[in-house]
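A.B. asks: Only the shape, not the letters, is given here:
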């Protein structure tokens, strides 16, 4: 069975700091990879996805993620965070069955 | 386009009572999912429908949870009887189909927050 690990449960940053959230997955086959964001009181929204091709993918709001197959990782990055990035971030993977498996989430707080 | 609609937004019940949640997916989306998100955890898949058939219900606690999608459109998820540990947000999501690479993942509804006291 596939699983997803997000090692940082809580991250606190000041505005303009750089962000990197870790995500590792375990699955031996071909996977699709996603990062979702959940702002306070809102529904899950897709930030970015990786299906194939360039392992560096760019998403909305200045986020990007890099797929490193040898490390089974798909870390999320942003060069300069804003207060409005305060949210919970979820890494997810799926396989051909299209079932999404989520990590436990990372709660990001950005101090103004 | 309209999003995934869920109701109610909030529900508080006593343990051993029953409760039902409703979901209306995006029009034309064949695949519908119910996820359970316990506070502090990531969403966990409960059941996946393709049209009106069940694709995966391996993580659904079938002794108390049931779900149906009779006409292949909207769906209901029921818990009977509820336990304290069922307190969670129940998320519905839909997608065009299975392994649809042309679609940007799922679209999630806002969820139903259930509190069992």
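C.D. replies: Looks like it arrived, so ask away. Keep in mind it's a predicted model, so treat the numbers as computed, not measured.
A.B. asks: ok, now which ones touch residue B:72?
C.D. replies: B:30, B:49, B:51, B:52 (Cβ atoms under 8 Å, 6 or more residues apart in numbering or on different chains). Any C-beta I mention is one placed from the backbone N, CA and C, and that applies to glycine too.
A.B. asks: Try it again at 7 Å.
C.D. replies: Residue B:72 makes contact with B:51, B:52 under the criterion Cβ atoms under 7 Å, 6 or more residues apart in numbering or on different chains.
A.B. asks: what's the spacing between it and residue B:52?
C.D. replies: Here the distance between residue B:72 and residue B:52 works out to 4 Å (Cβ to Cβ, to the nearest Å).
A.B. asks: which stretches of the chain form strands?
C.D. replies: Answering for chain A, as no chain was given. Using DSSP state E, the strands assigned to chain A run over residues A:3-5, A:10-14, A:19-21, A:24-26, A:32-38, A:45-50, A:56-58, A:64-68, A:73-78, A:87-94, A:101-102, A:106-111.
A.B. asks: that's the wrong chain, I meant chain B
C.D. replies: Assigned by DSSP E, the strands in chain B fall at B:5-7, B:10-13, B:19-24, B:31-37, B:44-50, B:53-56, B:65-68, B:75-79, B:88-95, B:107-108, B:112-116.
A.B. asks: would you list the strands of chain A in CSV and tack on mean neighbour count?
C.D. replies: Listed next are the strands of chain A as CSV, based on neighbours: other Cβ atoms under 10 Å in any protein chain shown:
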stretch, mean neighbour count
strand A:3-5, 17
strand A:10-14, 13
strand A:19-21, 18
strand A:24-26, 16
strand A:32-38, 23
strand A:45-50, 19
strand A:56-58, 13
strand A:64-68, 18
strand A:73-78, 20
strand A:87-94, 24
strand A:101-102, 22
strand A:106-111, 17
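A.B. asks: right, so of the ones you listed, which gets closest to chain B?
C.D. replies: Distance to chain B, taken as Cβ to the nearest Cβ, is lowest for strand A:101-102 among those, at 3.4 Å.
A.B. asks: Which part of chain B gets nearest to chain A, residue-wise?
C.D. replies: residue B:42 (3.4 Å).
A.B. asks: That residue: neighbouring residues, count only.
C.D. replies: Here the number of neighbours of residue B:42 (other Cβ atoms under 10 Å in any protein chain shown) works out to 23.
A.B. asks: Please name the residues that touch it.
C.D. replies: By Cβ under 7 Å, 6+ apart, the contact set of residue B:42 is A:90, A:102, A:103, A:104, A:105.
A.B. asks: Can you lay out the strands of chain A as a markdown table showing distance to chain B?
C.D. replies: Compiled in a markdown table, the strands of chain A are given as follows (distance: least, Cβ to the nearest Cβ, whole Å):
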| stretch | distance to chain B |
| --- | --- |
| strand A:3-5 | 7 |
| strand A:10-14 | 10 |
| strand A:19-21 | 13 |
| strand A:24-26 | 12 |
| strand A:32-38 | 5 |
| strand A:45-50 | 5 |
| strand A:56-58 | 12 |
| strand A:64-68 | 13 |
| strand A:73-78 | 14 |
| strand A:87-94 | 5 |
| strand A:101-102 | 3 |
| strand A:106-111 | 9 |
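A.B. asks: what sits opposite the spatially most central residue of chain B in the beta ladder?
C.D. replies: The residue lying closest to the centre of chain B (Cα atoms, centre = their mean) is residue B:34, at 2.6 Å. When assigned by DSSP bridges, residue B:34 has beta-bridge partners residue B:47, residue B:92.
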